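J.: need coordinates for the below:
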Amino acid sequence: MSIVIINAFIYPIATTVILLSILGYGRIINNFFYKDLLNYQFRNFILFQGLIFTGLFSILVNIFIPLKDYFSICIIIIGCFFYLINFSKINLKDEINFISIVVIFSSFLAILAGVNDDFDYHLKTINNYKNHNLFEIIHGRQVSYNSFWLFLHSVFSIDKYVASLFILGSLIFTITIYDLFFLLKKSFKENNFILSTISFFFLIFLLGMQNKFKDFGTDLPGAIISFYILLIIVNEFFYKKEISKNILVFLILLSSFVFVIKLTNILILFFLIIYIFKVNLLSINFKNIYLPIVLILLWFFQNLVISGCLIWPIEATCFYNVEDPASEFAIIESFAKGDMIATMKTDNLDWIIIWFSAHSKKLFETYALFFLISISPIIINFYLKNKYVKINNILEISLYKFRYYQLLIIIIISNLVWFINAPAYRFGLFYNSILIIFGSIPFWLKLFSKNKEFAYKYLKFLIILIFVYFTYENLIKVEWYFERYEIWPPIVNGELIDRI
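T.: Numbers count the residues shown, from 1 in each chain. Got it, this is the predicted structure:
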């Protein structure tokens, strides 16, 4: 128990230092590349840029040497130095409030977090980069699923303090909650109710549906970044007099980031394409486009060295080990479609019944309450009488209605592609949730236009209720955790200890 107390005591300090380091890199990159592109106040945008830069640099370093603790410590120290350089430009009061909230909440989150089924698998991937240079990593079925998110864990984790492995996951989750709270408040005040609805449901999704937080997964970080891409597109489509051509460059960067985190996030390109069609590409200054290009190319290079494929396990991208990816892809597809032993043939539609039997319970548990909350305005609107001045419904304007249906069609297509190819629950977190959200937006807009004050109280009540539920679910995991493991974190000598 003393080890647990020591790790828990050090964790907020380690989280603070790593957060400041990443923000240091992020501010340098933002000032150099995207200073004139972003009017958004999302804190995670600086974090994302810091992670992308350090990841790119570390890939180059890893070609020659493993990412040992001394390298990680140097990266963290230099990032803190960059943060101090920009300190004079920071609003001290806001920064202290932000860092305090994030560190306290993320520490609570990580210390009480459980261990998911992929923990051991992801830990081995991280250790590969910590202990080997790129050319020493040996191709293997699990090893070759190269995620940039896990690579970042190897950059910002310290073997001598294994609890640091939890920091990145808890940070991105916590800062997203922070950003969404402020977006909800700001958008509601400005009567930007589509943004209010989306930010509210993202909060409900993270605190309610994803409350049993798991630190090592690559699915949730990808979904979170995809949420940010959608928020930018919605804001540009519905609340800007003219769609920004310059923001496209940053959207390309975020889309590249989410793609190299996990291949199943590739459908975010549908949303990027619809944005591209609305701007004049010839008028865009693409001088900063090389950053996402370098990110994709270096990720391809990593994959090629490890597996022989640009994208494992897509056979058409393989230059050697060509006998492996086809069988691996068949296993993944079969597993995603409901066959737990991955032997089912998927070349006909018989798999749909098996998929429904295997996944329906999980989908119901995850989305039933989410769906009920989304359609609750239907009942409320029926009984609610107009008491306040009506606010114009933005979807009453034909242009915005057209854009709404464009996005809805893209969302439906994304869900169909997901369902046909890899309909595992965790692959569809983003696509499934936004389908429910967008389908319910007209009902919520009607509620806002009928009685804004009541709608605000209703949202506030639901958020408080969900937050209490989130806190309860995490607190009761203490007993659950120590029934499975004796120490926190449950890692000894770079390996997951056996459950009790």
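
J.: can I assume Ile204 sits in a helix?
T.: Yes. Judged by DSSP: H, G, I helix; E, B strand; the rest coil, Ile204 forms part of a helix.

J.: kindly provide the distance from it to Ile138.
T.: To Ile138, Ile204 is 43 Å away according to CB to CB, to the nearest Å. (Each C-beta comes from the backbone N, C-alpha and C, glycine too.)

J.: compare the two (neighbour count), which wins?
T.: Neighbours were counted for Ile204 and for Ile138 using other CB atoms under 10 Å; Ile204 has more, 24 against 9.

J.: which strands and helices lie in contact with the helix or strand that contains Lys186?
T.: Using DSSP states H and E, the element containing Lys186 is helix 167-189. Helices and strands touching helix 167-189, by 3 or more CB pairs under 8 Å, 6 or more residues apart in numbering; DSSP states H and E, are helix 2-29, helix 43-62, helix 92-111, helix 148-155, helix 193-204, helix 219-239, helix 452-475.

J.: grab the nearest non-local neighbour of Ile101.
T.: Distances taken as CB to CB, 6 or more residues apart in numbering put Tyr178 closest to Ile101, at 6.2 Å, once the chain neighbours are dropped.

J.: that neighbour: neighbour count?
T.: For Tyr178, the neighbour count with other CB under 10 Å is 19.

J.: quick one: contacts for it?
T.: Tyr178 sits next to 43, 98, 101-102, 105 when contact means CB atoms under 8 Å, 6 or more residues apart in numbering.

J.: could you look up the SS state of Tyr320?
T.: Under three-state DSSP, the three-state class of Tyr320 is coil.

J.: ok, now how distant is it from Asp159?
T.: From Tyr320 to Asp159 the distance is 32 Å (CB to CB).

J.: same check, this time on Ile353
T.: The value you get for Ile353 to Asp159, if CB to CB is used, is 47 Å.

J.: so these two - more neighbours on which side?
T.: Asp159 (18 against 10).

J.: surely the more buried one is in contact with Lys130?
T.: Yes. At 6.3 Å, Asp159 counts as touching Lys130 under the criterion of CB atoms under 8 Å.

J.: where do the contact lists of these two overlap?
T.: Counting by CB under 8 Å, 6+ apart, the residues touching both Asp159 and Lys130 are 68, 494.

J.: mind listing the helices for the stretch 201-350 of the chain?
T.: 219-239, 247-261, 268-276, 290-307, 323-336 (DSSP state H, counting those that start in this stretch).

J.: now do the strands in the stretch 351-500 of the chain.
T.: With DSSP state E, counting those that start in this stretch as the criterion, the stretch 351-500 of the chain has strands at 491-492, 495-496.

J.: how about these in JSON lines, adding mean neighbour count and mean pLDDT?
T.: Below are these laid out as JSON lines (neighbours: other CB atoms under 10 Å; pLDDT from 0 to 100):
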{"stretch": "strand 491-492", "mean neighbour count": "15", "mean pLDDT": "78"}
{"stretch": "strand 495-496", "mean neighbour count": "14", "mean pLDDT": "76"}
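
J.: which one of those lies closest to Phe335?
T.: strand 495-496 (21.8 Å; CB to CB).

J.: low-confidence bits of this protein, can you list those?
T.: For the chain, the stretches with pLDDT under 70 are 1-3, 35-39, 111-118, 211-216, 281-287, 321-323, 338-349, 384-394, 396-397, 499-500.

J.: quick one, longest helix in it?
T.: helix 351-383 (DSSP state H).

J.: chain center to it: distance?
T.: 22 Å (CA atoms, centre = their mean, to the nearest Å).

J.: buried residues, that helix. List them.
T.: 351, 354-355, 358-359, 366-367, 370, 373-374, 376-377, 380 (16 or more other CB atoms under 10 Å).

J.: Val143: what secondary structure?
T.: Assignment for Val143 (three-state DSSP): coil.

J.: that one and Leu134 touch, don't they?
T.: No. If you go by CB under 8 Å, Val143 and Leu134 don't touch, sitting 12.0 Å apart.

J.: between these two, which one's more packed in?
T.: Comparing Val143 with Leu134 by other CB under 10 Å, the one with more neighbours is Leu134, at 19 against 16.

J.: let me see the contact set for that one.
T.: 59, 62-63, 302, 305-306.

J.: buried ones among these?
T.: Buried members of the contacts of Leu134, counted by 16+ other CB under 10 Å: 59, 62, 302, 305-306.

J.: of the strands of the stretch 351-500 of the chain, which is nearest Ile172?
T.: When those are compared by CB to CB, strand 491-492 sits nearest Ile172, at 20.6 Å.

J.: work out the gap between the closest one and the centre of the chain.
T.: Distance of strand 491-492 from its chain centroid, counting by CA atoms, centre = their mean, is 26 Å.

J.: packing partners of it?
T.: By 3+ CB pairs under 8 Å, 6+ apart, strand 491-492 packs against no helix or strand.

J.: partner strands of that strand and their direction?
T.: strand 495-496 (antiparallel) (DSSP bridges).

J.: what's the angle from the longest helix of the chain to helix 193-204?
T.: Angle of helix 351-383 versus helix 193-204, following axes from the mean of the first three to the mean of the last three CA atoms, to 10 degrees, is 120 degrees.

J.: report all helices and strands that helix 351-383 contacts.
T.: helix 193-204, helix 429-450.

J.: the last one to helix 219-239, inter-axis angle?
T.: For helix 429-450 against helix 219-239, the angle between stretch directions is 40 degrees (the same axes, to 10 degrees).

J.: please identify the buried residues of helix 429-450?
T.: 429-438, 440-450.

J.: repeat for stretch 252-266
T.: Buried residues in stretch 252-266 (16+ other CB under 10 Å): 252-265.

J.: CA atoms only for it - export them in PDB, please.
T.: The C-alpha trace of stretch 252-266 is given here as PDB (Å, rounded to 0.1, in the frame of the first residue of the first chain):
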ATOM      1  CA  ILE A 252      -5.900  18.500 -42.500                       C
ATOM      2  CA  LEU A 253      -3.400  18.400 -39.600                       C
ATOM      3  CA  LEU A 254      -6.000  17.100 -37.100                       C
ATOM      4  CA  SER A 255      -7.300  14.600 -39.700                       C
ATOM      5  CA  SER A 256      -3.800  13.300 -40.300                       C
ATOM      6  CA  PHE A 257      -3.300  13.000 -36.500                       C
ATOM      7  CA  VAL A 258      -6.500  11.000 -36.000                       C
ATOM      8  CA  PHE A 259      -5.600   8.700 -38.900                       C
ATOM      9  CA  VAL A 260      -2.200   7.700 -37.600                       C
ATOM     10  CA  ILE A 261      -3.700   7.100 -34.200                       C
ATOM     11  CA  LYS A 262      -6.000   4.400 -35.600                       C
ATOM     12  CA  LEU A 263      -6.800   3.300 -39.200                       C
ATOM     13  CA  THR A 264     -10.600   3.100 -38.500                       C
ATOM     14  CA  ASN A 265     -10.600   6.900 -38.100                       C
ATOM     15  CA  ILE A 266     -10.000   7.300 -41.800                       C
END
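
J.: can I get the helices of the stretch 201-350 of the chain in TSV with distance to Lys124?
T.: As requested, the helices of the stretch 201-350 of the chain are arranged in TSV below (distance: least, CB to CB, whole Å):
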stretch	distance to Lys124
helix 219-239	18
helix 247-261	18
helix 268-276	28
helix 290-307	13
helix 323-336	17
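
J.: how about those, which one is nearest Gly494?
T.: Of all the helices of the stretch 201-350 of the chain, helix 290-307 comes closest under CB to CB, at 19.2 Å.

J.: who touches Val17 in this structure?
T.: By CB under 8 Å, 6+ apart, the neighbours of Val17 are 76, 80.

J.: I am finished for the moment; much appreciated.
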